[in-house]
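A.B. asks: When you get a sec, could you give me coordinates for this:
(one chain, ligands or ions: 2)
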Amino acid sequence: MTKIGLEIHCQLTKLASKLFCSCKAEYRNAEPNSNICPVCAGLPGSLPMLNKKAVEKAAMISLALGCTIPEKIGFFRKNYFYPDLPKNFQITQYNAYGPTSIGSDGKIEIEGKTIRIRRIQLEEDPGRLVYEGTSEKTMITLVDYNRAGTPLVEIVTEPDFETPKQVRMFLNVLADLVENIGVSDPYLEGAMRVDGNISEGDGNRVEIKNVGSFRDIEKALHFEITRQQSLVERGIQVLAETRHWDEARRITVSSRSKEEEQDYRYLPEADIPIVQIGNNSIEQIKTQMPESIVARRERYIKKYGMPAQVADVLSSDKFYSDLFDKSHNEKNAKEVSNIITTDLMGVADTREKKIELKITPNHLSDLADAIVANKLTRNSGKLALHEMIQSGKPFADVVSSLDLGHVSDAGSIEKVIDEVFQEEEKAVMEAKQNPDTINYLVGKVMRKTKGKADPATTLDILRKKLAV
Ligand code: ZN
Ligand code: MN
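C.D. replies: Ligands and ions are numbered 1, 2, ... in the order given. Have a look, this model is predicted:
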C-alpha cells in the first residue's frame, strides 16, 4: 500500500512585514538584496522581534484546520548550513518539550476521507539562490536575501493519503481555505510549496522536496510510486533519501541522503521569549475569522436553494463568492449564482483575469433582475455580460447600445413569424405533419430577432398558427 504525507509551506502574503523584523514581507518586485536589514541578513548581535500579526494569522490557519492551539508557544533553532540561510539556522517551531508550535492534532475532511494534521508551525523563509544558466551547469550562484525572514506557516500532515489525486484535491481545498481566511494569496509564485513523503508497504520513506505547483507534485508522486514499485518487484531496496522533481525531464532525481531530525540539532531560540496565547486571544481571533467555506456552502444551499454542485463551486472561490454575496437580492440570488458559475467563471478563471474584470455587483444584480423579470433572454444576457466585463458600462446603457431589449409582445413576434412562414413553406408543411420539427421554425424566429424573441411566446404563437 502507498502511504503519502505532506509538508506544505504557505507564505503569509497578506502581512506587511517579515516575521522577525520590519522589512517588507512583499519581496517579489524589489532589487536583489534591497529588502534586508541586520536581522534578516543574520548579522551578529542583531535580535529578532516576533511579528504579532503573523502569530494571529498562523493561529487562524490552525483553527481552520481543527488544530489545538497551546497556551504558550515557543521557537527553536533548526541548524543547517546552506548559502540561502544567513544565520546558519532557521527560526522555526518544534514540539520538543510538549506542544509549543501554533497548532497540533487537527483534521480536515476531503470527500469523505479524513486527513489528519500533525502539526502547524510558524517559521521564516530562507533567501533565494539564483543560478546563472541551469543549476547543473552553472559556475556562478547568486544569493538574494530579500525573501529571508518572510513569514511562513508549515503544515505537516500524517501519512494519510493513498493516491496522488487525493493529494491534489487536498491541496486545492487548502489553497481555497487560506485564501478564504485572508492570510495568503496561494496563487502567487512560490506562495505554496509542497514536500511529499512517500513509501510503499514497509519500505523506506523518500522525500520529494519543494515542488511549486500542485500539478507537478501530483506528477512527481505518480512517478515516484512507479519507480518504487518497480524496485520492489525486482527485489531492490528503496533508499531513504531526498529527491527533487526535475520539471523538464518529468522525473524525480536523487539529491542527497535524507537527514534525520537529530541532524538539525534543534535547540530553543533564546532570543524570543515564550509567548502566552491564552483563551482570551484565541476567542478574539475566532471572532476575526470570516465565514468558513463549509458554512458558506450550507448557507447557499439552505437559504437560496442552490444545487449542491453550484454551491460547492461558488463557495470554494473566495473572489466569486464575495461577488455573489454583494450582488444578489432576495429575488435574484439563484440567477446571480447561475450567471457567475456558468458564464463568468468560464471567462475569468485565473487571478490575473479576475483582476481585469470590470464587472461590479450592480452590473450583476441588474442583469439578473432583468432575466428574472423576463425582460431579457439568457442569450441576450450573455451578450450584455460580456460587454459589461470589458467596458464596465452600466447595465441599462449596455442593453440600449447593443439593442438587446427583449421582444415579448405577441404582435411583433407574430409579424416575424409571418415572415418566416413565407420564406419557409416546406418547413411549415413539415411541422404541421410532424410537430417535432417545430424547433427549426423557432430557430428561424430567433435568428431574425437576434435571439431577443421570448422563446415561450414564440412557441405558443407558432403552435396556434400551425394548429398543432
Ligand atoms: Zn529585515
Ligand atoms: Mn519548514
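A.B. asks: In this protein, where is pLDDT below threshold?
C.D. replies: For the chain, the stretches with pLDDT under 70 are 134-136, 258, 405-408.
A.B. asks: quick check: domain ranges of it?
C.D. replies: Per the record, the chain has its domains at 2-283, 291-401, 410-466, by automatic domain parsing.
A.B. asks: and the end-to-end length of the last one?
C.D. replies: End-to-end distance of domain 410-466: 16 Å, with C-alpha to C-alpha, to the nearest Å as the criterion.
A.B. asks: Now do the helices in the stretch 251-400 of the chain.
C.D. replies: Using DSSP state H, counting those that start in this stretch, the helices of the stretch 251-400 of the chain run over residues 278-288, 293-304, 308-315, 318-327, 333-338, 345-347, 351-356, 361-372, 378-391, 395-401.
A.B. asks: Ligand 1: which of the domains of the chain is closest?
C.D. replies: domain 2-283 (3.2 Å; C-beta to the ion). Placement of C-beta: from N, CA and C, glycine included.
A.B. asks: residues near residue 373, how many?
C.D. replies: 11 (other C-beta atoms under 10 Å).
A.B. asks: do the same with residue 286
C.D. replies: If you count neighbours by other C-beta under 10 Å, residue 286 ends up with 11.
A.B. asks: Thought residue 63 was touching it, still the case?
C.D. replies: Yes. Residue 286 lies in contact with residue 63 (C-beta atoms under 8 Å); the separation is 6.5 Å.
A.B. asks: Could you verify that residue 27 is part of a strand?
C.D. replies: No. Per DSSP: H, G, I helix; E, B strand; the rest coil, residue 27 lies outside any strand segment and is coil.
A.B. asks: what's the nearest residue to it if we skip its chain neighbours?
C.D. replies: Distances taken as C-beta to C-beta, 6 or more residues apart in numbering place residue 146 nearest to residue 27, at 3.9 Å, with adjacent residues excluded.
A.B. asks: In contact with the one you found, which residues?
C.D. replies: 27, 30, 32, 33, 34, 35, 36, 127, 128 (C-beta atoms under 8 Å, 6 or more residues apart in numbering).
A.B. asks: change it to 10 Å
C.D. replies: Residue 146 makes contact with 18, 23-24, 26-36, 40, 127-128, according to C-beta atoms under 10 Å, 6 or more residues apart in numbering.
A.B. asks: Sitting in helices, which of these do you find?
C.D. replies: Secondary structure from DSSP state H places none of these in helices.
A.B. asks: mind listing what's buried in stretch 440-456?
C.D. replies: Residues 441, 442, 444, 445, 446, 448, 449, 451, 452, 453, 454 are the ones in stretch 440-456 that count as buried (16 or more other C-beta atoms under 10 Å).
A.B. asks: thought the last one was touching residue 409?
C.D. replies: The one in question is residue 454. Yes. Between residue 454 and residue 409 there is a contact under C-beta atoms under 10 Å: 9.0 Å.
A.B. asks: From residue 157, how far off is the nearest residue to residue 265 once chain neighbours are set aside?
C.D. replies: Nearest residue to residue 265, sequence neighbours excluded (C-beta to C-beta, 6+ apart): residue 79, at 4.7 Å. Applying C-beta to C-beta, to the nearest Å, the value for residue 79 to residue 157 is 25 Å.
A.B. asks: Could you list which residues are in contact with the nearest residue to residue 75 once chain neighbours are set aside?
C.D. replies: Take residue 75 and drop its neighbours on the chain: the residue closest to it by C-beta to C-beta, 6+ apart is residue 269, 4.0 Å away. Contact partners of residue 269, counting by C-beta under 10 Å, 6+ apart, are 20, 48, 50, 74-78, 89, 91-94.
A.B. asks: Report the buried members of the residues you listed.
C.D. replies: Here, 16+ other C-beta under 10 Å leaves 20, 48, 50, 74-78, 89, 91-94 buried among the contacts of residue 269.
A.B. asks: Buried residues, the longest helix seen in the chain. List them.
C.D. replies: Counting residues, the longest helix in the chain under DSSP H turns out to be helix 214-233. Across helix 214-233, burial judged by 16+ other C-beta under 10 Å covers 214, 217, 218, 219, 220, 221, 223, 224, 225, 227, 228.
A.B. asks: Return the member of the residues you listed nearest to residue 360.
C.D. replies: Proximity of the buried residues of helix 214-233 to residue 360, judged by C-beta to C-beta, is greatest for residue 214, which lies at 31.2 Å.
A.B. asks: Need the nearest residue in space to that closest one, chain neighbours excluded.
C.D. replies: Among residues not flanking residue 214 along the chain, residue 171 sits closest, at 4.7 Å (C-beta to C-beta, 6+ apart).
A.B. asks: Can you report how many residues lie near the one you found?
C.D. replies: 21.
A.B. asks: Could you do the one 5 residues further on as well?
C.D. replies: For residue 176, the number of neighbouring residues by other C-beta under 10 Å comes to 17.
A.B. asks: does it sit in a helix, a strand or a coil?
C.D. replies: Residue 176 ends up helix, using three-state DSSP.
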